[in-house]
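# The following comprises the amino acid sequence and a computationally predicted model.
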Amino acid sequence: MPNDEKPTTSVWTRPRPRQREHLTREQIVAEAIRLLDAEGVEELSMRKLGTRLGTAATSLYRHVANKDELIELVVDDVYGEPDVPTVVDGTRWRAAVTHTATELRAMTLRHPWIAPALGQVGLVHIGPNAMRMSSALLAQFEAAGFPADEMDQAMATLMAYVIGIATAEAAYLSLIARSGQTEQEWVAGLRPAFDEATREHPRLRAGSSAQQDVHPQRIRDDNFAYGLDRVLDGLAARLTP
């Protein structure tokens, strides 16, 4: 390898350090996820994490080289949560992909910090859980009949939709959580201002009025399902009958 070409550094590309103390990497990752769920990615620091674990930040550096490596680990740990079908009947590929997409959305809503964290990790995920999930999703598209050169693109299209809409949804729910209200209370409180703002926009007003008595979570679920169906319609159109 030329001297000016340095390999990409990652927690997955160097040997795991030997265990020399009671604190384990798994404990660090679990506590980091609890911190992220409670306070968000902007509040994650090695010093704060060490305090929560009852140890000095220097102890954490025996397990991870820096905060970026910690982010890689927590992202991969969360990627282990979704229930992703690994054996797929070709006639039921769409149901399998729908299930996987729904699980990924739920994962993102449980951990709203995951979207900005994915940006830090980048587009390449080589952790074991991320690899298993990606491999299972590719198997679903393979069972559907997508050619080898399109399976990756089909998966990327699906992931872009799911992560994109779930990220916006998570930001919306985080805003509501900070208000101390339930989603129904927050939406009801916003309605008078929305009705006033849509006086001169009858299409927006009509669409909102039609859903006025529907629980806002049901609306979000229906919107996600509608968009997912249209994405899968588009992908299915690529298959030879």
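Yep, that arrived. Numbering: from 1, shown residues only.
# Distance from stretch 136-152 to the middle of the chain?
In terms of CA atoms, centre = their mean, to the nearest Å, the centre of stretch 136-152 is set 21 Å apart from its chain centre.
# try stretch 220-227
17 Å.
# Quick check: buried residues in that stretch?
Residues R220, F224 are the ones in stretch 220-227 that count as buried (16 or more other CB atoms under 10 Å). C-betas here are computed from N, CA, C, even on glycine.
# what's the next secondary structure element after the least confident helix or strand in the chain by mean pLDDT?
Counting by mean pLDDT, DSSP states H and E, the weakest-scoring helix or strand in the chain turns out to be helix 114-121, with a mean of 70. Using DSSP states H and E, the helix or strand that follows helix 114-121 towards the C-terminus is helix 128-144.
# helix/strand/coil for A160?
Under DSSP: H, G, I helix; E, B strand; the rest coil, the three-state class of A160 is helix.
# With the one 3 residues further on instead?
At I163, secondary structure determined by three-state DSSP is helix.
# List the contacts of it.
Residues in contact with I163 (CB atoms under 8 Å, 6 or more residues apart in numbering) are L104, T108, A115, L118.
# Now render these as a markdown table, adding neighbour count.
Putting those into a markdown table (neighbours: other CB atoms under 10 Å) gives the following:
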| residue | neighbour count |
| --- | --- |
| L104 | 23 |
| T108 | 23 |
| A115 | 17 |
| L118 | 19 |
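# Among those residues, which one sits closest to G145?
Of all the contacts of I163, L104 has the smallest distance to G145: 22.4 Å, by CB to CB.
# Can you point out the helix or strand that includes the closest one?
helix 93-110.
# which residues touch that helix?
For helix 93-110, the surrounding residues in contact (CB under 8 Å, 6+ apart) are 37, 78-79, 81-85, 88, 114-115, 136-137, 140-141, 143-145, 158-159, 161-163, 165-167, 169-170, 173, 224, 228, 232, 236.
# 7 Å instead, please
Contact with helix 93-110 is made by 78, 81-85, 88, 114-115, 137, 140, 143-144, 158, 162-163, 166-167, 169-170, 173, 224, 228, 232, as judged by CB atoms under 7 Å, 6 or more residues apart in numbering.
# any idea of the angle that helix forms with helix 128-144?
Here the directions of helix 93-110 and helix 128-144 differ by 150 degrees (axes from the mean of the first three to the mean of the last three CA atoms, to 10 degrees).
# avg pLDDT for helix 93-110?
Confidence over helix 93-110 (mean pLDDT, whole number) is 95.
# can you give me how far that helix is from the chain middle?
Centroid separation for helix 93-110 versus its chain: 10 Å, with CA atoms, centre = their mean.
# and it, which residues are buried?
Here helix 93-110 shows 93-94, 96-105, 107-109 as buried, counting by 16+ other CB under 10 Å.
# Which of the three states applies to the residue of the chain most remote from its centre?
In terms of distance from the mean C-alpha position of the chain, E200 ranks first, at 37.3 Å (CA atoms, centre = their mean). Put simply, E200 is coil when judged by three-state DSSP.
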